[in-house]
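1. need a structure here:
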Amino acid sequence: MPGRMVEFQANGQKSQGYLATPAGGNGPGVLVIQEWWGLVQHIKNVCDRFAAEGYNALAPDLYHGKATTEPDEAGKLMMALDIARAEKDLAGAAAFLLSHSGTSSAKLGVVGFCMGGQLALFAATLNRSIGACVNFYGIHPNVKPDYQKLAGPVLGLYAEKDGFVTPQVAREVEAAIKAAGKPVEVHIYPGVDHGFFNDERPDVHNAPAAQNAWRRTLDLFTKQLKK
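-> I've put the predicted structure just below:
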């Protein structure tokens, strides 16, 4: 069953997001954070996939109604993102999801892609209620997470041929999280590009890598949230 747009409070302001709920009504909560394109159909589909696996999934609209399919415009939207407002949106989304009648977990998972991967790490350092984080090739030059504040394990999923987040950058993130004394697991998929999980981008999508990454994501959330 497809999800729906919902409204939630974010530090006194109203924000929106896409919420997908499981057929059974109850399940652990997961925040899904958009790529630099915006809250596009692909991200909504990811929420629906989580719902089909028994999760309540919420994707906050961090661009507040704006979205694009053009890389140049997406880059401009990403760089124009108000990080302080995004922080409030993420906190509001987490509070909404935790208070939702169908959310059965005391902790939330967070997963993000591209820009959203870095924001997923950021959210996981800001909110003690986030108990697991999955970062798909995260990047945003203005977002600097404090890994010492992580409250749960991190799974990093990267692409060998990524020109934005190179394998070296992936290993540097892994080393920094380990240096902060926090659990982290990193996988670099050989022969694939940045964005390999996005099945609406045939230029970069890689089905075997995406399927493996999805399984790893579900395994982490099952272990950390379905307790």
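
2. So which bits of the helix of greatest length in the chain are buried?
-> Assignment by DSSP state H gives helix 207-225 as the longest helix of the chain. The neighbour-count check on helix 207-225 (16 or more other CB atoms under 10 Å) flags Ala209, Ala210, Ala213, Trp214, Thr217, Leu218, Leu220, Phe221, Thr222, Gln224, Leu225 as buried. The C-beta positions use only the backbone N, C-alpha and C, and glycine is treated the same way.

3. swap in stretch 126-135?
-> So stretch 126-135, judged by 16+ other CB under 10 Å, has buried residues Leu126, Asn127, Ser129, Ile130, Gly131, Ala132, Cys133, Val134, Asn135.

4. so which two of those residues are the farthest from each other?
-> Ser129 and Asn135 (17.8 Å; CB to CB).

5. Who are the contact partners of Trp149?
-> For residue 149 the amino acid is Lys, not Trp. Lys149 makes contact with Thr125, Leu126, according to CB atoms under 8 Å, 6 or more residues apart in numbering.

6. Now do it against Ser129, distance only.
-> 13 Å (CB to CB, to the nearest Å).

7. tell me which element the most centrally placed residue in the chain is part of?
-> Note on the chain: the residue nearest the mean C-alpha position is Gly112, at 1.9 Å, using CA atoms, centre = their mean. If you go by DSSP states H and E, Gly112 is part of strand 103-113.

8. for Glu7, same thing?
-> With DSSP H and E as the criterion, Glu7 is inside strand 4-10.

9. Could you do Tyr18 as well?
-> strand 13-20.

10. What pairs with that strand, parallel or antiparallel?
-> strand 4-10 (antiparallel), strand 56-60 (antiparallel) (DSSP bridges).

11. got the contact list for it?
-> So strand 13-20 is contacted by 1-9, 39, 43-44, 47-48, 50-51, 56-61, 64-65, 88-89, 92-93, 96, 100 (CB under 8 Å, 6+ apart).

12. Buried residues, it. List them.
-> The neighbour-count check on strand 13-20 (16+ other CB under 10 Å) flags Ser15, Gln16, Gly17, Tyr18, Leu19, Ala20 as buried.

13. how far out from the middle of the chain is stretch 196-211?
-> When distances are taken as CA atoms, centre = their mean, to the nearest Å, stretch 196-211 is centred 16 Å away from the chain's centroid.

14. May I have that stretch as PDB, with CA atoms only?
-> What follows is stretch 196-211, C-alpha atoms only, in PDB (Å, rounded to 0.1, in the frame of the first residue of the first chain):
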ATOM      1  CA  PHE A 196      23.900   2.600  -7.800                       C
ATOM      2  CA  PHE A 197      20.900   2.100  -5.600                       C
ATOM      3  CA  ASN A 198      18.600   4.400  -7.500                       C
ATOM      4  CA  ASP A 199      16.600   2.100  -9.900                       C
ATOM      5  CA  GLU A 200      15.200   5.200 -11.700                       C
ATOM      6  CA  ARG A 201      18.600   6.000 -13.000                       C
ATOM      7  CA  PRO A 202      19.600   3.400 -15.600                       C
ATOM      8  CA  ASP A 203      22.900   5.200 -16.200                       C
ATOM      9  CA  VAL A 204      24.200   4.200 -12.800                       C
ATOM     10  CA  HIS A 205      21.800   1.600 -11.300                       C
ATOM     11  CA  ASN A 206      23.400  -1.800 -10.500                       C
ATOM     12  CA  ALA A 207      20.800  -4.300  -9.500                       C
ATOM     13  CA  PRO A 208      23.100  -6.900  -7.800                       C
ATOM     14  CA  ALA A 209      24.900  -4.300  -5.700                       C
ATOM     15  CA  ALA A 210      21.500  -2.600  -4.900                       C
ATOM     16  CA  GLN A 211      20.000  -5.900  -3.800                       C
END
